[in-house]
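**Q** Next comes the sequence, and after it the predicted model I'd like to discuss.
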Amino acid sequence: MSKHPVVIVGTGLAGFQAASALRDEGYAGRIVLIGDEVHLPYHRPPLSKGYLLDGVDEARLRMRPETFYADKQIHLLGGRRAVAIDRANRRLRLDDGAVLDYAHLVLAVGASNRRLTVPGSTLGNVLSLRTLGDAHAIRERLRDVRRLVVIGAGFIGLEIAAAALKSKVEVTVIDVADRPMARAVSPATSAVFALEHSRNGVRFMFNAQVQQIAGEQDRATGVDLADGTHVAGDLIVVGIGVQPNIELAMTADLAVRNGIVVDCFMRTADPHISAIGDCAAHPNSFAQDQEVRLESVQNATDQARCVAAGIVGRAIPYRTVPWFWSDQGGLKLQIAGLIHGYDQTVVRNDPQGIGCTVFCFRQGRLVGVETVNQPANHMAARRVMASVLAGGQGITPQQAADSQFDLREAAAPVHPA
């Protein structure tokens with residue numbers, strides 16, 4: 001075994017899981033986990049939900065207590081940033097000048113928020129949400145504002161909007177698209193969220209182009225749209241998507257295309273460097289083996305396990321059913337599979353309440369299932385999608401449209417007679 005450690009850059013979920021999975025796989029060598037935040041690795045999903053509402057104790061956000069890293073002999077370097085990779089000598093340089101040798105380098109560097117580039121976007125009360133520090137700043141501001149403007153009707157924007165409503169804040173959500181979560185879900189699912197958020201008090205403005213953030217001195221007073229409309233706001237939160245952190249990979253001339261390019265084992269062109277999580281562009285069976293970059297808890301966790309297995313000599317390809325979720329007030333969205341490129345949907349509405357299941361097909365083949373407030377259907381859908389991954393048909397559009405057809409039965413394992 002090499003005397004050099006496995007070095008993992010990034011202390012988000014993917015990086016943490018890679019370190020933890022290496023120990024689970026029996027890796028006995030040194031592990032170094034590097035992150036630019038000073039906090040112990042923490043869960044990000046609660047930041048746009050419960051943390052904004054009730055200020056969850058930050059200790060409860062931690063993935064593990066500090067003793068975990070000592071017990072597992074994971075050397076955690078917080079508040080440090082990796083700045084360059086020397087592939088020829090397998091060395092990583094940090095921002096303080098330190099140089100680390102590595103046997104294998106795992107890039108779990110995540111993504112960064114896209115910046116709004118209009119006049120006024122740097123005013124003091126124009127914020128975005130990615131880190132614990134960001135969430136803390138938004139939570140503190142929400143206590144004193146009356147009108148919140150959210151730019152971006154994606155998952156994060158709508159989660160923040162739903163949380164703000166609980167704080168009795170007037171909320172306006174602006175998006176350039178014609179519906180919420182337009183890049184992520186079908187029109188049928190968008191319609192459920194648009195209706196319910198509107199009923200709860202969210203004011204939506206779609207097909208709206210932000211021209212500038214209006215302000216006085218260092219404080220935003222609202223948003224000016226291209227059509228001349230002014231939307232007043234005491235706090236502006238921007239959530240217009242993310243972009244992968246590829247700068248470190250580029251210092252080593254690794255291929256990047258909407259992420260750090262990897263194969264089905266999450267390896268870059270350099271066999272000693274892998275990339276996982278939000279930053280990794282990988283071939284995915286649910287995208288007809290095209291490169292995709294997924295931002296989800298499942299993706300980060302499973303890719304970390306895949307890389308750990310490969311490092312200990314048990315290489316297995318990354319082939320897992322993608323799934324996603326978003327809690328927005330009383331609405332729980334769950335998605336199994338990838339719906340990109342679908343050409344047909346079948347919708348089952350819940351006659352007992354607010355909820356639905358949307359089946360998405362491409363050329364008659366099931367590619368994804370969206371559920372709203374129907375967790376049992378989501379779990380069944382994941383099992384059905386696993387059968388699709390194994391080469392099966394899953395279910396047909398006709399079966400999906402049949403209200404008597406039980407998705408859970410279709411997902412049940414088949415036992416030989």
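**A** Arrived safely, thanks for sending.

**Q** Now do the helices in the protein.
**A** 13-24, 50-54, 58-61, 66-71, 132-142, 155-166, 187-200, 247-250, 297-311, 375-389, 397-401, 407-411 (DSSP state H).

**Q** Let me have those helices in TSV, extended by mean neighbour count, mean pLDDT and distance to Ile354.
**A** In this view, the C-beta of every residue, glycine as well, is placed from N, C-alpha and C. Putting those into TSV (neighbours: other Cβ atoms under 10 Å; pLDDT from 0 to 100; distance: least, Cβ to Cβ, whole Å) gives the following:
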stretch	mean neighbour count	mean pLDDT	distance to Ile354
helix 13-24	24	98	30
helix 50-54	18	84	20
helix 58-61	14	88	29
helix 66-71	13	97	40
helix 132-142	17	94	26
helix 155-166	24	96	14
helix 187-200	18	96	6
helix 247-250	18	98	43
helix 297-311	23	98	24
helix 375-389	20	92	14
helix 397-401	16	94	20
helix 407-411	16	78	19
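
**Q** wait, which of these is closest to Tyr42?
**A** Closest to Tyr42 of the helices of the chain is helix 58-61 (Cβ to Cβ; 4.2 Å).

**Q** now the helices of the chain as TSV including distance to Thr229?
**A** Listed next are the helices of the chain as TSV, based on distance: least, Cβ to Cβ, whole Å:
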stretch	distance to Thr229
helix 13-24	39
helix 50-54	27
helix 58-61	38
helix 66-71	50
helix 132-142	24
helix 155-166	18
helix 187-200	18
helix 247-250	37
helix 297-311	37
helix 375-389	38
helix 397-401	41
helix 407-411	44
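
**Q** between those helices, which gets nearest to Val358?
**A** Comparing the helices of the chain by Cβ to Cβ, helix 187-200 comes nearest, at 5.0 Å.

**Q** picking up where we left off before, so which of the helices of the chain gets nearest Leu123?
**A** helix 132-142 (12.6 Å).

**Q** other SSEs contacting that closest one?
**A** helix 50-54, strand 126-128, strand 235-238 (3 or more Cβ pairs under 8 Å, 6 or more residues apart in numbering; DSSP states H and E).

**Q** picking up where we left off before, now for the helices of the chain, which one comes closest to Phe286?
**A** Going by Cβ to Cβ, the one of these nearest Phe286 is helix 375-389, 7.5 Å.

**Q** any idea how far that closest one is from the chain center?
**A** 20 Å (Cα atoms, centre = their mean, to the nearest Å).

**Q** Now do it against helix 297-311, angle only.
**A** 40 degrees (axes from the mean of the first three to the mean of the last three Cα atoms, to 10 degrees).

**Q** Residues contacting helix 375-389, please?
**A** 285-286, 319-321, 323, 332, 334, 336-337, 357, 365-369, 371, 394-395, 407-408, 410-412 (Cβ atoms under 8 Å, 6 or more residues apart in numbering).

**Q** Are any of those residues buried, and if so which?
**A** 285-286, 320-321, 323, 332, 334, 336-337, 357, 366-369, 371, 394-395, 407, 410-411 (16 or more other Cβ atoms under 10 Å).

**Q** about what we covered before: go through the helices of the chain and name the closest to Ala214.
**A** Going by Cβ to Cβ, the one of the helices of the chain nearest Ala214 is helix 132-142, 17.5 Å.

**Q** Need the contact partners of that closest one.
**A** 37, 39, 42, 47-48, 51-52, 55, 58, 61, 125, 127-129, 148, 160, 164, 167, 169, 235, 237.

**Q** now the angle between helix 155-166 and that helix, please.
**A** Using the same axes, to 10 degrees: helix 132-142 against helix 155-166 is 30 degrees.

**Q** how far is helix 132-142 from where the chain is centred?
**A** The mean C-alpha position of helix 132-142 is separated from the chain mean by 19 Å, Cα atoms, centre = their mean.

**Q** which residue is nearest the middle of the protein?
**A** Centroid check for the chain by Cα atoms, centre = their mean gives Glu295 as the closest residue, at 3.2 Å.

**Q** Would you enumerate the residues in contact with the closest residue to it other than its chain neighbours?
**A** Spatial nearest neighbour of Glu295, chain neighbours left out: Asp278 (4.9 Å); criterion: Cβ to Cβ, 6 or more residues apart in numbering. By Cβ under 8 Å, 6+ apart, Asp278 lies in contact with Gly12, Ala14, Gly110, Ala111, Val242, Pro244, Arg293, Leu294, Glu295, Asn299, Ala300.

**Q** Which of those residues fall in strands?
**A** Ala111, Val242, Pro244 (DSSP state E).

**Q** what about the last one, neighbour count?
**A** Read that as Pro244. 23 (other Cβ atoms under 10 Å).

**Q** go on, the first one?
**A** By other Cβ under 10 Å, 19 other residues sit near Ala111.

**Q** got a pLDDT number for it?
**A** At Ala111, the pLDDT value in this model is 98.

**Q** Give me the domain ranges for this structure.
**A** With domains defined by automatic domain parsing, the chain comprises 6-112+243-311, 115-240, 330-411.

**Q** Could you tell me the least trusted of those?
**A** domain 330-411 (a mean of 91).

**Q** and the residue nearest to Asn349 when sequence neighbours are not counted, what is it in contact with?
**A** Nearest residue to Asn349 in three dimensions, chain neighbours excluded: Cys356, at 4.9 Å (Cβ to Cβ, 6+ apart). By Cβ under 8 Å, 6+ apart, the contact list for Cys356 reads Ala188, Thr189, Val192, Val347, Arg348, Asn349, Asp350, Thr371, Val372, Gln374.

**Q** next one: Leu13
**A** Per Cβ under 8 Å, 6+ apart, neighbours of Leu13: Pro41, His43, Arg44, Met63, Gly277, Val297, Ala300, Thr301, Ala304.

**Q** Quick check: Ile276 touching Gly110?
**A** No: assessed by Cβ atoms under 8 Å, Ile276 is found out of contact with Gly110, at 9.9 Å.
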